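Visitor: Structure for this input, please:
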Amino acid sequence: MGKPSGFLEYDRVDGPVVSEEKRIENFLEFHGLLSKEEQQKQGARCMDCGVPYCQAGMMISGMASGCPLNNMVPETNDLVYRGAFDKAYRRLSMTHSFPEFTSRVCPALCEAACTCGVDGAPVSTKENEKTIIEYAFENDLVKELVPETRTGKKVAVIGSGPSGLAAAQMLNRRGHSVTVYERNDRIGGLLRYGIPNMKLDKSVIDRRVKLMEDAGIRFITGVNVCGNDAQDKLSSGLIVENVKHISAKELEKEYDAIILACGASNPRDIKAPGREAEGIHFAVEFLGRVTKELLDSEFGILDDMKKAGKGKLGNIIDKVYGKDVIVIGGGDTGNDCVGTSIRLGCKSVTQLEMMPKAPDERLETNPWPEWPRVCKTDYGQEEAIYKFGHDPRIYKTTVKEFVADEKGKLKEVVIQSLEPKKDEKTGRMMMVPVEGSEKTLPAQLVLIAAGFLGSENYVIEDFGVEVDGRTNIRTEAGHYKAEIKEGASGRSKKNPAKIYTAGDMHRGQSLVVWAIAEGRRAALELDHDLML
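Guide: Residues are numbered from 1 along each chain as shown. Model prediction:
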C-alpha cells in the first residue's frame with residue numbers, strides 16, 4: 001500500500017497549526033489541513049507492512065493497539081496516495097460512522113501502532129482521515145442511507161453521544177424506526193458539552209445530525225429519561241433546566257428495544273476538608289456550561305467580555321476571568337479545562353496530577369506496538385507555557401484542604417506531595433502523602449477532572465439492569481444485551497427485556513472511537529435479535 005519507498009522519500013509533515021498567541025483569543029478550531037498534493041505524499045509513507053497493527057484494534061498488555069473500528073488503514077492510505085479521495089471515503093465509510101469526530105479528537109491509536117513509527121515518525125493516518133471526510137463533505141459525497149422499507153420495529157436510544165449516534169445510524173439503515181433521547185438542549189452528548197469548541201467545532205456535529213434527521217431518525221432533547229425534579233438537581237451532566245421526564249416502563253411499553261448509551265457520567269469527587277466552598281466545580285459540568293453560554297450567545301459573549309474587561313456576563317464564564325484556577329486531574333479533560341480557562345482570561349492556571357511524570361520516550365518495558373506510555377504536552381499545556389512561561393502541571397500532588405473566606409468563597413488550596421509505596425497487604429503500589437510537604441496556593445476556582453466512577457444510578461435502578469464492580473452495565477462477554485435483575489419491573493427469564501447498552505456505560509470511561517465501535521456492534525446484535 002502506498003508508494004513502496006515513500007517512507008524513505010518523505011518526512012512526516014503535519015497540517016498547519018494556529019500559534020498559541022492567536023488561538024487563545026477565540027474558541028475556533030486551530031488545526032488546518034495540508035494541500036491535497038501534500039496529503040498524498042503523507043499517504044505514500046504507508047509501508048505495506050506485513051502485519052498492520054494500525055487496524056488491529058486488539059488489547060496488548062491491557063492497552064488498545066490499533067483502531068477499535070478496524071478501519072482498513074493501509075487501503076485508505078493507499079487511496080489517499082493515489083489521489084482517489086472519492087474511493088477513500090467509500091472505503092472509510094464501510095467501517096466508520098463519523099470520521100469527522102475521530103479525526104479531530106481521537107488520540108490516534110492507529111498511529112501509535114504504525115510500523116513506520118518503530119524507527120521514525122508514524123504515518124499521519126489521523127490527518128489523512130480528516131482530509132478524506134472533509135473532501136467528502138465539500139463534494140456532497142456524505143449521504144445517510146434511507147431504507148427503502150421499514151421493519152415496523154421501534155427502537156429508543158437513550159443518549160446522543162458518539163455511541164448513541166452510531167447505534168441510531170446503523171439501526172436506521174436496517175429499517176427500524178429510531179428515536180434518540182437527550183437530556184440536554186442540543187444533540188451530541190459529550191461531543192457537544194464535554195469537548196471544547198476549539199477541539200471539535202459544534203457545526204461539525206450539527207451537519208451530521210441534520211443528515212441523520214433527514215434519513216428518518218427522530219431526536220428528542222430536554223428529556224431526562226428515568227429522572228425527576230429532585231434527580232435533575234443531582235445530575236452532574238445536566239446543564240439545562242425545566243426538562244421533561246419519561247420512565248423506563250413507559251419506554252419499554254412504547255418501544256420494541258432500547259439501547260442505554262448514557263455514558264459514564266458519575267464524576268469522581270475530591271473529599272477534602274472545605275469541599276463545600278463556593279468555586280469548586282466538576283470539570284465536565286464546567287466545560288458544558290461554558291459551551292452552552294458560548295452557543296446561546298453565538299460566541300458574542302467573548303466580545304462582550306473583552307469590552308468589559310471583567311466578569312458580570314455568563315454564569316460560568318463570569319467565574320473565570322481574573323481568577324487563579326486549579327485543575328485537579330492530568331487527562332484530556334483536565335487539559336481542556338486549562339485551555340478553556342486561558343481563553344476566558346484566568347489570572348493563572350495550575351494542573352495537579354497524582355501520578356509521577358511519564359518518561360519522554362518509550363521504555364524497554366513498553367515496546368511497540370503497545371500504546372506508548374510517554375509524557376505528552378497537549379495544546380492546553382502549550383498555551384499555558386506561552387501565556388505564563390511555565391508548564392502548569394505539578395506531578396505527584398493532591399489537594400489536602402480547600403480554604404474559604406468569611407463569605408464561604410474559595411480563596412486557597414492546600415496541596416501535598418505524594419510518593420509511591422507498596423501496600424503490604426495487596427502488594428500494589430500506592431501514592432501516599434508525604435508528611436510536611438504541604439504548600440498553599442491561591443485559588444478562586446477549582447475544576448475537578450479526576451475521572452468518572454461509572455453510570456449514574458437512577459437510570460440503572462429504573463431499568464433494573466445488573467452492573468459490575470465499576471457500575472458499568474453488565475453483559476455477557478463480547479455482547480451488548482444487558483443482564484436484567486430477576487423480578488425487576490415484573491420481568492422473568494420467560495419475559496426478558498430487550499435492553500442493550502453501548503459506550504462508556506458499558507465499558508467505562510473511554511475514547512470516542514471506542515464509543516462509536518460499541519454503538520455499531522450493539523446495533524448489530526440488537527438488529528439480529530429483533531429480526532429473529
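
Visitor: E138 versus the nearest residue to C106 once chain neighbours are set aside, what's the distance?
Guide: Residue nearest to C106 in three dimensions, not counting chain neighbours: V513, with 5.0 Å by C-beta to C-beta, 6 or more residues apart in numbering. For the C-beta atoms, the positions are set from N, CA and C on the backbone; glycine is no exception. V513 sits 23 Å away from E138, going by C-beta to C-beta, to the nearest Å.

Visitor: Which one's more surrounded, these two?
Guide: Set side by side, V513 and E138 show more neighbours around V513, with 25 against 10, by other C-beta atoms under 10 Å.

Visitor: now the more buried one: how far from N71?
Guide: Counting by C-beta to C-beta - V513 and N71 are separated by 9 Å.

Visitor: Next: T471.
Guide: According to C-beta to C-beta, T471 and N71 sit 31 Å apart.

Visitor: Looking at the two now, which is surrounded by more residues?
Guide: Using other C-beta under 10 Å, the more surrounded residue of T471 and N71 is N71, with 24 against 18.

Visitor: So that one lies in a strand, does it not?
Guide: No: counting by DSSP: H, G, I helix; E, B strand; the rest coil, N71 falls outside a strand, being coil.

Visitor: To which secondary structure element is the nearest residue to it once chain neighbours are set aside assigned?
Guide: Sequence neighbours aside, T95 is the residue nearest to N71 in space, at 4.9 Å (criterion: C-beta to C-beta, 6+ apart). Counting by DSSP states H and E, there is no helix or strand that carries T95.

Visitor: Then T398?
Guide: Using DSSP H and E, T398 falls in strand 397-404.

Visitor: That strand pairs with which strands, and in what direction?
Guide: Strand 397-404 pairs in its sheet with strand 410-422 (antiparallel), by DSSP bridges.

Visitor: buried stuff in the partner strand?
Guide: Going by neighbour count (16 or more other C-beta atoms under 10 Å), the buried part of strand 410-422 is L410, K411, E412, V413, V414, I415, Q416, S417, L418.

Visitor: List of residues touching it?
Guide: 274, 277-280, 326, 352, 354, 356, 394, 396-405, 428-434, 437-446 (C-beta atoms under 8 Å, 6 or more residues apart in numbering).

Visitor: again, only using 6 Å
Guide: Residues outside strand 410-422 that contact it (C-beta atoms under 6 Å, 6 or more residues apart in numbering): 277, 279, 326, 396-405, 429-434, 437-444.

Visitor: swap in stretch 469-477?
Guide: Residues from elsewhere that reach stretch 469-477 (C-beta under 6 Å, 6+ apart): 454-455, 465-468, 481-483, 501, 505-506, 508.

Visitor: Also stretch 354-364?
Guide: Taking C-beta under 6 Å, 6+ apart as the rule, stretch 354-364 contacts P372, R373, V374, C375, Y395, K396, T398, M431.

Visitor: Work out for me the element the residue nearest to the fourth one when sequence neighbours are not counted sits within.
Guide: Meaning C375. Leaving aside its chain neighbours, C375 sits nearest to A358 (4.3 Å; criterion: C-beta to C-beta, 6+ apart). Here A358, judged by DSSP H and E, is contained in no helix and no strand.

Visitor: count of neighbours near A358?
Guide: Count around A358 with other C-beta under 10 Å applied: 16.

Visitor: Return the backbone torsion pair for it.
Guide: phi -70, psi 160 (degrees, to the nearest 10).

Visitor: next one: L260
Guide: phi -90, psi 110.

Visitor: What's the local residue count around it?
Guide: Neighbour count for L260, taken as other C-beta under 10 Å: 30.

Visitor: tell me the contacts of the closest residue to it other than its chain neighbours?
Guide: Spatial nearest neighbour of L260, excluding adjacent residues (C-beta to C-beta, 6+ apart): T501 at 4.5 Å. By C-beta under 6 Å, 6+ apart, the residues touching T501 are L260, I473, A482.

Visitor: again, but for K376
Guide: By C-beta under 6 Å, 6+ apart, K376 has no neighbours at all.

Visitor: that's a strand at it, yeah?
Guide: No: assigned with three-state DSSP, K376 falls outside any strand and is coil.

Visitor: And the pLDDT for it?
Guide: On the pLDDT scale, K376 is placed at 95.

Visitor: any idea how far D468 is from the residue nearest to L260?
Guide: If you measure T501 against D468 using C-beta to C-beta, the figure is 12 Å.

Visitor: and what of T377?
Guide: Taking C-beta to C-beta, one finds T377 at 35 Å from D468.

Visitor: same thing with V413?
Guide: Distance from V413 to D468, by C-beta to C-beta: 34 Å.

Visitor: can you count the residues close to the closest residue to G120 other than its chain neighbours?
Guide: Distances taken as C-beta to C-beta, 6+ apart put F7 closest to G120, at 7.4 Å, once the chain neighbours are dropped. The burial count assigned to F7 is 24, neighbours taken as other C-beta under 10 Å.

Visitor: again, but for the one 5 residues further on
Guide: For R12, the count of nearby residues is 17 (other C-beta under 10 Å).

Visitor: Once you drop chain neighbours, what's closest to it?
Guide: R12 sits nearest to A121 (C-beta to C-beta, 6+ apart), 3.7 Å away.

Visitor: Let me know the secondary structure of the one you found.
Guide: Quick answer, by three-state DSSP: A121 is coil.

Visitor: again with A156
Guide: strand.

Visitor: Report the separation between it and T426.
Guide: 43 Å.

Visitor: Looking at the two, which one has more neighbours?
Guide: Taking other C-beta under 10 Å, A156 and T426 do not tie; A156 has more neighbours (24 against 8).

Visitor: if I look at the more buried one, how far off is V178?
Guide: According to C-beta to C-beta, A156 stands 8 Å off from V178.

Visitor: And for T102?
Guide: In terms of C-beta to C-beta, T102 sits 22 Å off from V178.

Visitor: remind me which residues of the chain are low pLDDT?
Guide: Across the chain, the ranges flagged by pLDDT under 70 are 1-2, 304-314, 487-497.

Visitor: the longest helix in it is where?
Guide: For the chain, the helix that runs over the most residues, judged by DSSP state H, is helix 512-530.

Visitor: and that one, what other elements does it pack with?
Guide: helix 99-105, helix 162-173, strand 257-260 (3 or more C-beta pairs under 6 Å, 6 or more residues apart in numbering; DSSP states H and E).
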